[in-house]
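Peer 1: coords below, sequence missing:
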């Protein structure tokens, strides 16, 4: 492809890359179902984009290091990812339009992270002349751990900050210091408001998780008039709780998908098995598996691949 310039490349036939997009790198890996929008520009050392991920129109990525994007991650249009080092984004992330992800130092974004529109994540802060005595100069790696949510728009994360797992940042906040896991912050500068409002997350039992998934899928399938909408209620297979699905003529009978309470080991089977306890699944890339991942990924359940 004339719009891809690199020494080593492995691009899936199932990826959609328009002629207006341009990619320059030393090594390129783009896997199944990836969609890259119009006029996207990517320049980095090594580029990896995982299954079913999306990069929106007019996104500009210019890095001195590597770009790594996990599976089922969305970067919406007009994004800017730039800097001298690397940016690593996990699985199942949602990054709204017009966001800035800065990689002047290494930027690490975990799995299942949501970043609202017009937000910016920084690894550097400098501009004033050092020879004139400017006191503001900072270049530090920034880390956003799993399941963090930057709500709404116009959030700013300062360089060197670490945001712990399952923290929630309210819209238009400015994060200047580390945030512990499971906390809610808001304001400029952001302060801890966890005790003033409800906890970001509460414990959920495995039975409750199954009920939530079953209810959501039943409603979704019914509203969208799928023929395999009848969910079979809790079959016991070798003592493991399971939700299983019927099929219609559009799906192969060999495409088997099941959601288990827990699985001691992932058996060597053709079926896709989703484990509620570990939140892992043995990816098979069947049409039904991909469909369920996309349905559940929005707000219900985000699973991670075994490897």
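Peer 2: Okay, I see it. Fair warning: this is a prediction, and the values are worked out from it, not measured in the lab. Numbering: from 1, shown residues only.
Peer 1: what about the helices in the stretch 1-150 of the chain?
Peer 2: Counting by DSSP state H, counting those that start in this stretch, the stretch 1-150 of the chain has no helices to list.
Peer 1: shaky segments in it?
Peer 2: Along the stretch 1-150 of the chain, the parts satisfying pLDDT under 70 run over 1.
Peer 1: how about 90 then?
Peer 2: Along the stretch 1-150 of the chain, the model assigns pLDDT under 90 to residues 1-3, 7.
Peer 1: can I see the domain layout of this structure?
Peer 2: What automatic domain parsing lists as the domains of the chain is 4-192, 206-305.
Peer 1: give me the distance between the two termini of the last one.
Peer 2: When you say that, I think you mean domain 206-305. 20 Å (C-alpha to C-alpha, to the nearest Å).
Peer 1: likewise for stretch 189-196?
Peer 2: Note: stretch 189-196 ends 17 Å apart using C-alpha to C-alpha.
Peer 1: next, the buried residues of it.
Peer 2: 190, 194 (16 or more other C-beta atoms under 10 Å). In this view, the C-beta of every residue, glycine as well, is placed from N, C-alpha and C.
Peer 1: show me the contact partners of it.
Peer 2: With C-beta atoms under 8 Å, 6 or more residues apart in numbering as the contact definition, stretch 189-196 has outside contacts at 169-170, 173-177, 179, 182-187, 200.
Peer 1: so residue 168 sits right up against residue 152, yeah?
Peer 2: No: applying C-beta atoms under 8 Å, one finds residue 168 not in contact with residue 152, separated by 10.8 Å.
Peer 1: now the strands: where do they sit in the stretch 151-300 of the chain?
Peer 2: 156-157, 162-163, 168-169, 174-175, 184-187, 190-192, 231-237, 240-245, 257-260, 272-275, 280-281 (DSSP state E, counting those that start in this stretch).
Peer 1: mean pLDDT for those: which is lowest?
Peer 2: If you rank the strands of the stretch 151-300 of the chain by mean pLDDT, strand 231-237 sits at the bottom with a mean of 48.
Peer 1: quick one, phi psi at the residue nearest to residue 84 when sequence neighbours are not counted?
Peer 2: Spatial nearest neighbour of residue 84, chain neighbours left out: residue 64 (4.0 Å); criterion: C-beta to C-beta, 6 or more residues apart in numbering. Backbone torsions of residue 64, given as degrees, to the nearest 10, read phi -80, psi -20.
Peer 1: neighbours of residue 64, just the number please.
Peer 2: 14 (other C-beta atoms under 10 Å).
Peer 1: list the contacts of it.
Peer 2: Residue 64 is in contact with 44-45, 83-85, 103, counting by C-beta under 8 Å, 6+ apart.
Peer 1: which among those end up buried?
Peer 2: For those, buried by 16+ other C-beta under 10 Å: 44, 83, 85, 103.
Peer 1: against residue 65, how distant is the second one?
Peer 2: Just to be clear, that refers to residue 83. 8 Å (C-beta to C-beta, to the nearest Å).
Peer 1: list residues touching both of these two?
Peer 2: Contact with both residue 83 and residue 65 is made by residues residue 103, according to C-beta under 8 Å, 6+ apart.
Peer 1: count the neighbours of the closest residue to residue 56 other than its chain neighbours for me.
Peer 2: Spatial nearest neighbour of residue 56, chain neighbours left out: residue 77 (3.4 Å); criterion: C-beta to C-beta, 6+ apart. Neighbours of residue 77 under the rule other C-beta under 10 Å: 16.
Peer 1: residue 77 and residue 95, how far apart?
Peer 2: 11 Å.
Peer 1: so what sits against both of those two?
Peer 2: With C-beta under 8 Å, 6+ apart, residue 77 and residue 95 have no common neighbours.
Peer 1: right, and residue 39 touches residue 3 too?
Peer 2: No: assessed by C-beta under 8 Å, residue 39 is found out of contact with residue 3, at 10.7 Å.
Peer 1: joint contacts of those two?
Peer 2: Contacts common to residue 39 and residue 3, judged by C-beta under 8 Å, 6+ apart, are 20-21.
Peer 1: thinking again about what came up before, among the contacts of residue 64, which are in strands?
Peer 2: Mapping those onto strands (DSSP state E) picks out residue 83.
Peer 1: just the closest of the contacts of residue 64 to residue 16, please.
Peer 2: residue 44 (19.9 Å; C-beta to C-beta).
Peer 1: that closest one: what's it in contact with?
Peer 2: Counting by C-beta under 8 Å, 6+ apart, residue 44 has contacts 25, 61-67, 86.
Peer 1: which among those residues gets closest to residue 303?
Peer 2: residue 67 (23.4 Å).
Peer 1: any idea how far residue 158 lies from residue 140?
Peer 2: Relative to residue 140, and taking C-beta to C-beta, residue 158 is found at 9 Å.
Peer 1: please say which of those two ends up with more neighbours.
Peer 2: Shown here are residue 158 and residue 140; by other C-beta under 10 Å, residue 158 has more neighbours (20 against 17).
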